[in-house]
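Asker: how does the following fold in three dimensions:
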Amino acid sequence: MSTIPRRTFVQTAIMASGAIIAGGFPLDAFAAGSGEVVYRKPRLDLAVDSPVWACWIGHSTVLIKLGSTWVLTDPVFSDVVGLNLLGLRIGPRRLTPPALSLEEIPRPDVVLISHAHMDHLDLPSLEMLTRRWPNQIDVITPSNTADLLREFAWKSVGELDWHGRSCNAGIDIQAIEVVHNGWRLPGEPCRAAGNMRRGRSFNGYVIEWNGARVVFGGDTAFCRRFSQITGSVDLAIMPIGSYDGYEHLHCTPEQALEMAAMMRARSLMPIHHMTFKQSPEPINEPLQRLRLRACEYDMVLAARLPGSTYSMQG
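Answerer: Numbering: from 1, shown residues only. Here you go, the predicted model:
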């Protein structure tokens, strides 16, 4: 039996976790703008009076309330994301804690998964969710990724293809095509490599309730398909980090602003930064660049720091 060289195996494990560069960084690296990041503990009671409310928990994990329905995107609460080898996780370590723990969040009605990368589809977090609320949560995931989820006790598991629609817990959800890739491990069939029938897919989502519209961009490089979203968007949740050398997979902060403008978004919530070190740019650079250019756009920057919230006025 042939063996994989140790270096190749470790590199593969790190790539699968979503990391490009992993390592430790001093806390002062998180200085953003005029001061260091202040971790806020969001007040869930304030969500009651808002028709649409959202809290950035960290990385691509956002807790959203539309009406009385709770949606949780890409739940990642683990300290390390990556492969589990004999109880040891190989991958990047979390640099900022989740703004809310799994014990503090309300029961999600719907969990949205954007793609199968280990920093977005985190099996330990999903297992803990379903152990706490067995058979009570609907999960929606891209095409050819449900096999990763079926071992857990969901209320339902639904795959949603690009342009497909679903109605769950009183909200309408549409999957949109973005520019990324979907493999869990390198070498798996993936739509980005042209395997449209069997390849793992990757989604963004449009979420609608009672005339309000939220877009969760997932992970994406610059993509003009966001201009195809009709009408305006109340909140665009878009990634802004992990771009240095990887713009074919991850958009820059300036591109995130441009895509939000394509959607005629009233507010932009920046995600996918400040949580894991995944590419060479300084950890505070994405937010600094976003702030620098945001004044050129007619939109509000919402929830820029972990624990910050967005609230749409009725």
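
Asker: from here on, just use CA atoms for contacts and neighbour counts.
Answerer: OK.

Asker: and the pLDDT at the closest residue to residue 202 other than its chain neighbours?
Answerer: Nearest non-adjacent residue to residue 202, counting by Cα to Cα, 6 or more residues apart in numbering: residue 115, 4.6 Å away. If you check residue 115, the pLDDT there is 98.

Asker: tell me which helix or strand the nearest residue in space to residue 78 that is not next to it in sequence sits in.
Answerer: The shortest distance from residue 78 to any non-neighbouring residue, by Cα to Cα, 6+ apart, is to residue 125 (6.5 Å). Residue 125 is located in helix 123-132, with elements delineated by DSSP states H and E.

Asker: using CSV, list the CA coordinates for that helix.
Answerer: Taking C-alpha atoms only, helix 123-132 is exported to CSV below (Å, rounded to 0.1, in the frame of the first residue of the first chain):
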residue,chain,number,x,y,z
LEU,A,123,-19.3,18.8,12.0
PRO,A,124,-18.7,19.2,15.8
SER,A,125,-20.8,22.4,15.8
LEU,A,126,-23.6,20.7,13.8
GLU,A,127,-23.6,17.7,16.0
MET,A,128,-23.9,19.8,19.1
LEU,A,129,-26.8,21.7,17.6
THR,A,130,-28.7,18.5,16.8
ARG,A,131,-27.9,17.0,20.2
ARG,A,132,-29.3,20.0,21.9
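
Asker: give me the residues contacting that helix.
Answerer: Identification of contacts with helix 123-132 by Cα atoms under 8 Å, 6 or more residues apart in numbering yields 75, 76, 77, 78, 102, 136, 137, 152, 153, 154.

Asker: residues contacting the fifth one?
Answerer: The neighbours of residue 102, taking Cα under 8 Å, 6+ apart as the test, are 77, 128, 129.

Asker: distance of the residue nearest to residue 78 from residue 264?
Answerer: Here residue 125 is placed at a distance of 33 Å from residue 264 (Cα to Cα, to the nearest Å).

Asker: so the two - more neighbours on which side?
Answerer: A count of neighbours by other Cα atoms under 10 Å puts residue 264 above the other of residue 125 and residue 264, at 21 against 16.

Asker: residues contacting that one?
Answerer: Here residue 264 is in contact with 231, 232, 233 (Cα under 8 Å, 6+ apart).

Asker: closest one of those residues to residue 71?
Answerer: Distance to residue 71, by Cα to Cα, is smallest for residue 233 among these, at 17.1 Å.

Asker: for residue 220, see how far away the spatially most central residue of the chain is.
Answerer: Residue closest to the mean C-alpha point of the chain, counted by Cα atoms, centre = their mean, is residue 60 at 2.6 Å. Note on residue 60: its distance to residue 220, by Cα to Cα, is 12 Å.

Asker: repeat that for residue 165.
Answerer: Residue 165 is 20 Å from residue 220, by Cα to Cα.
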